[in-house]
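Participant: Kindly return the folded structure for what I paste below:
(3 chains)
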Amino acid sequence: MARIAPEARVIDLTHGIPSFDVRLGAITLQRALPYAPPGVHLAVVDPEVGGRRRPIAIRVAEDDRVLVGPDNGLLWLAAQRFGGIVQAADLTSSPYRLEPVSATFHGRDIFAPIAARLAAGLDLDDVGAPLDPEIVAPMPMPMAEFDGDDLIAHALAFDRFGNVLLDLEHEELTAGVGLRLGEAVEINGVRGVYATTFADVAPGAVLLYEDANRAMAIAVNRASAREALELVPDARVRIRRA
Amino acid sequence: MARIAPEARVIDLTHGIPSFDVRLGAITLQRALPYAPPGVHLAVVDPEVGGRRRPIAIRVAEDDRVLVGPDNGLLWLAAQRFGGIVQAADLTSSPYRLEPVSATFHGRDIFAPIAARLAAGLDLDDVGAPLDPEIVAPMPMPMAEFDGDDLIAHALAFDRFGNVLLDLEHEELTAGVGLRLGEAVEINGVRGVYATTFADVAPGAVLLYEDANRAMAIAVNRASAREALELVPDARVRIRRA
Amino acid sequence: MARIAPEARVIDLTHGIPSFDVRLGAITLQRALPYAPPGVHLAVVDPEVGGRRRPIAIRVAEDDRVLVGPDNGLLWLAAQRFGGIVQAADLTSSPYRLEPVSATFHGRDIFAPIAARLAAGLDLDDVGAPLDPEIVAPMPMPMAEFDGDDLIAHALAFDRFGNVLLDLEHEELTAGVGLRLGEAVEINGVRGVYATTFADVAPGAVLLYEDANRAMAIAVNRASAREALELVPDARVRIRRA
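Facilitator: Numbering: from 1, shown residues only, chains lettered A, B, ... in the order given. As a prediction, this is how the structure comes out:
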């Protein structure tokens, strides 16, 4: 990128997405981009690059942002956040790939050089073949629902501390379960507190809290909620007042 | 920061401070800043941000440096290194916070945007309420002392290799214990060598050495001294000639 | 570097080389540099810096690149990739070291300030004493060979996924063993497939593949080949058609 677009400023958003966790990558991208300057955003998660997904570039409706990466849902949530996809390109046979294209390192051989070309001023039409935005792969997500008075959410993703991100907005929780800050809550049968922050509960205690992106999450102060509650991806999380 | 102060050069000093280890963060900042160009220095350690500490910005006496971070001692040692605090601001109600301010991600919502405003030319008075420098929280540190002919130091911090940083300067050791390079030493009953560098001892051997910042440290060549000596933070470390 | 050469663009290639793994560092540097703009390239691997190796700077035949680091083989493979060493300097007594030079942090006290001086326009003659390029330390490497119809390769290095890099080019394998894509292969007695990419085999299956740098490597889809095959560095890897 420094060779192709030497004037472009390169900002690393994160190198912390665990391998294979495309969904956490998609959620992280969706949450980070509103804080990043408009531009060309490249995303890739190891090692799905070797999979069957085509490399794509997409332009979103708002902010004149372009996203570059694999067509496996990784870019999808961020695209929705900016009004959806208005233009798409299939980079499979792009003239701006580095030859020979390796089977396993598309970040280096396809995504980085093409993102740099786009940052240097080329259009999607210049770097790939037109692609129907309708066929870009979505990122399937679970959906929280009620079971009587209980709320059934799901474990969307885990961060490196073992905090558990839920498919649940703050408003859904307070409106649906009627829970108030400081009240006790039962999460998959384990007693916890609906709190503002880690410091509100003792070390080792479970808390349900609104995370930094207005979604609900579960944590254990100074420990891993993922392990404490034995949660796997997409696990059901039953929430009720205690 | 790229949006608010696009001309500012952003340098990442480290992303390697373990969560909760405010003291290691404070020591690392103190040691790194003399090598960094003067400017605005932002520091934060996970996840104390959710704690009760107010967000602050402080100006130090030398070099016209400004430090931004939580008022939990993290900035304290670096401030002392540059002559102490001459001006302080409480950022709790700063007009330059990103709204809504999350409870858990002050790095994004308070520290980064305000550090960028300061880098772009604003003064401490512009970004927060005046704060008495006297009430900024210090970082409490243990102090090495003699017990007869033995020196009692403490395990200040550990790095990712398991090397153990002591509260002991090179001069204190050589003057107090009379130890010379190459001599045998007993550390909590374990025999080691007072050496210049890892390569001076066999793999697996314990060494006492002057680290890259003129403080004394304990290591095991190619292994973890923290584990070998079963040390916890602030543990007493008895040092005597062997 | 920001103080000494403020106009220089600093690009971090990787912070992911495991401590002591000088060979993986050398291979990584050799593979990455052809994709990096010409310039001054600094490399260091923990914690060999405390060893007996002299600090050096070398100029290579092609591209006007300069490499700075320890004389322990780390720079060797990259230098060969660019036509070999045409000029070398011993930095042991360089006037541009930061005084006092620590025993354990040559990256900060020798390599970084001198690399910055070179980036700012100084010549090798300015920053150190002339050194005979012939005595710069090479990086010893094993060599694949035939044992009857079997090919005996070696485990050169491991990446963080446990993928195993071999001392074997794609052409040697196909010409020597006559293996074709999709065929079964036996690797140290374990059955696998000669495949293009991870996605070609089931999770848990062993594959032999051409990596992103045209060398052969062994992997287990979504697991560690290093652990599955119980390989140590330089271990012999017997490859035959199955």
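Participant: Run through chain A and note the low-pLDDT ranges.
Facilitator: For chain A, applying pLDDT under 70 flags the ranges A:47-52.
Participant: Centre-most residue in chain A?
Facilitator: residue A:27 (1.5 Å; CA atoms, centre = their mean).
Participant: how about the helices in chain A?
Facilitator: A:22-32, A:76-81, A:106, A:112-119, A:124-127, A:170-177, A:225-228 (DSSP state H).
Participant: Is the shortest one in proximity to chain C?
Facilitator: No. Between helix A:106 and chain C, judged by CB under 8 Å from any CB of the partner chain, nothing touches; the nearest distance is 9.1 Å. For the C-beta atoms, the positions are set from N, CA and C on the backbone; glycine is no exception.
Participant: try the first one
Facilitator: No. For helix A:22-32, no contact with chain C is found by CB under 8 Å from any CB; the gap never falls below 13.2 Å.
Participant: in chain A, which strand has the most residues?
Facilitator: As assigned by DSSP state E, the longest strand anywhere in chain A is strand A:150-158.
Participant: So for that strand, what gets flagged as buried?
Facilitator: A:151-158 (16 or more other CB atoms under 10 Å in any protein chain shown).
Participant: Need these in JSON lines (columns: distance to residue A:94).
Facilitator: Shown next, in JSON lines, are the buried residues of strand A:150-158 (distance: CB to CB, whole Å):
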{"residue": "A:151", "distance to residue A:94": "46"}
{"residue": "A:152", "distance to residue A:94": "44"}
{"residue": "A:153", "distance to residue A:94": "41"}
{"residue": "A:154", "distance to residue A:94": "37"}
{"residue": "A:155", "distance to residue A:94": "37"}
{"residue": "A:156", "distance to residue A:94": "33"}
{"residue": "A:157", "distance to residue A:94": "31"}
{"residue": "A:158", "distance to residue A:94": "35"}
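Participant: Out of those, which comes closest to residue C:163?
Facilitator: Set against residue C:163, the nearest of these by CB to CB is residue A:158 (24.2 Å).
Participant: isn't that closest one right up against residue A:165?
Facilitator: Yes. Here residue A:158 reaches residue A:165: they are 7.2 Å apart, a contact under CB atoms under 8 Å.
Participant: Ok, which of the helices of chain A comes nearest residue B:66?
Facilitator: So among the helices of chain A, helix A:22-32 is nearest, using CB to CB, at 26.0 Å.
Participant: how far out from the middle of the chain is that closest one?
Facilitator: Here helix A:22-32 shows a centroid-to-chain-centroid distance of 1 Å under the convention CA atoms, centre = their mean, to the nearest Å.
Participant: who are the neighbours of it, in terms of helices and strands?
Facilitator: In this structure, helix A:22-32 packs against helix A:76-81, strand A:150-158, with contacts taken as 3 or more CB pairs under 8 Å, 6 or more residues apart in numbering or on different chains; DSSP states H and E.
Participant: okay if I get those as CSV plus distance to chain B?
Facilitator: Below are the helices and strands packed on helix A:22-32 laid out as CSV (distance: least, CB to the nearest CB, whole Å):
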stretch, distance to chain B
helix A:76-81, 16
strand A:150-158, 15
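Participant: so which of the ones you listed comes closest to chain C?
Facilitator: Closest of those to chain C is strand A:150-158, at 17.3 Å (criterion: CB to the nearest CB).
Participant: Send me the closest one as PDB with only the CA atoms.
Facilitator: C-alpha atoms of strand A:150-158 as PDB (Å, rounded to 0.1, in the frame of the first residue of the first chain):
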ATOM      1  CA  ASP A 150     -38.200 -14.600  30.100                       C
ATOM      2  CA  LEU A 151     -36.000 -13.100  27.400                       C
ATOM      3  CA  ILE A 152     -34.100 -15.600  25.300                       C
ATOM      4  CA  ALA A 153     -30.900 -13.900  23.900                       C
ATOM      5  CA  HIS A 154     -27.900 -15.500  22.200                       C
ATOM      6  CA  ALA A 155     -24.200 -15.400  22.600                       C
ATOM      7  CA  LEU A 156     -23.200 -13.400  19.500                       C
ATOM      8  CA  ALA A 157     -19.500 -13.200  20.100                       C
ATOM      9  CA  PHE A 158     -16.800 -13.200  22.800                       C
END
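Participant: in its sheet, what does that strand sit against?
Facilitator: strand A:145-147 (antiparallel), strand A:164-169 (antiparallel), strand A:236-241 (antiparallel) (DSSP bridges).
Participant: Compute the inter-axis angle for that strand and helix A:170-177.
Facilitator: Counting by axes from the mean of the first three to the mean of the last three CA atoms, to 10 degrees, strand A:150-158 points 160 degrees away from the direction of helix A:170-177.
Participant: how far does strand A:150-158 sit from the chain's center?
Facilitator: Distance of strand A:150-158 from the chain centroid (CA atoms, centre = their mean) equals 16 Å.
Participant: And stretch A:156-169, end to end?
Facilitator: End-to-end distance for stretch A:156-169, by CA to CA, to the nearest Å: 12 Å.
Participant: Go through it and flag the buried ones.
Facilitator: A:156-159, A:161-168.
Participant: what's the closest of the residues you listed to residue B:209?
Facilitator: Nearest to residue B:209 among the buried residues of stretch A:156-169, with distances taken as CB to CB, is residue A:161, at 33.4 Å.
Participant: Take the helices of chain A and write them to JSON lines, including distance to residue B:136.
Facilitator: Formatted as JSON lines, the helices of chain A follow (distance: least, CB to CB, whole Å):
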{"stretch": "helix A:22-32", "distance to residue B:136": "32"}
{"stretch": "helix A:76-81", "distance to residue B:136": "39"}
{"stretch": "helix A:106", "distance to residue B:136": "49"}
{"stretch": "helix A:112-119", "distance to residue B:136": "43"}
{"stretch": "helix A:124-127", "distance to residue B:136": "52"}
{"stretch": "helix A:170-177", "distance to residue B:136": "34"}
{"stretch": "helix A:225-228", "distance to residue B:136": "34"}
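Participant: nearest to residue A:55, of those helices?
Facilitator: Counting by CB to CB, residue A:55 lies closest to helix A:106 out of the helices of chain A; the figure is 5.9 Å.
Participant: what are the ranges of the strands in chain A?
Facilitator: Taking DSSP E as the criterion, chain A carries its strands at A:40-42, A:55-60, A:66-70, A:85-90, A:129-131, A:145-147, A:150-158, A:164-169, A:184-187, A:190-194, A:206-210, A:215-220, A:236-241.
Participant: so which of those strands is the most packed in?
Facilitator: strand A:66-70 (a mean of 26; mean count of other CB atoms under 10 Å in any protein chain shown).
Participant: Which residues are in contact with the nearest residue to residue A:159 once chain neighbours are set aside?
Facilitator: Among residues not flanking residue A:159 along the chain, residue A:165 sits closest, at 7.3 Å (CB to CB, 6 or more residues apart in numbering or on different chains). By CB atoms under 8 Å, 6 or more residues apart in numbering or on different chains, the residues touching residue A:165 are A:27, A:155-159, A:211, A:215, A:217.
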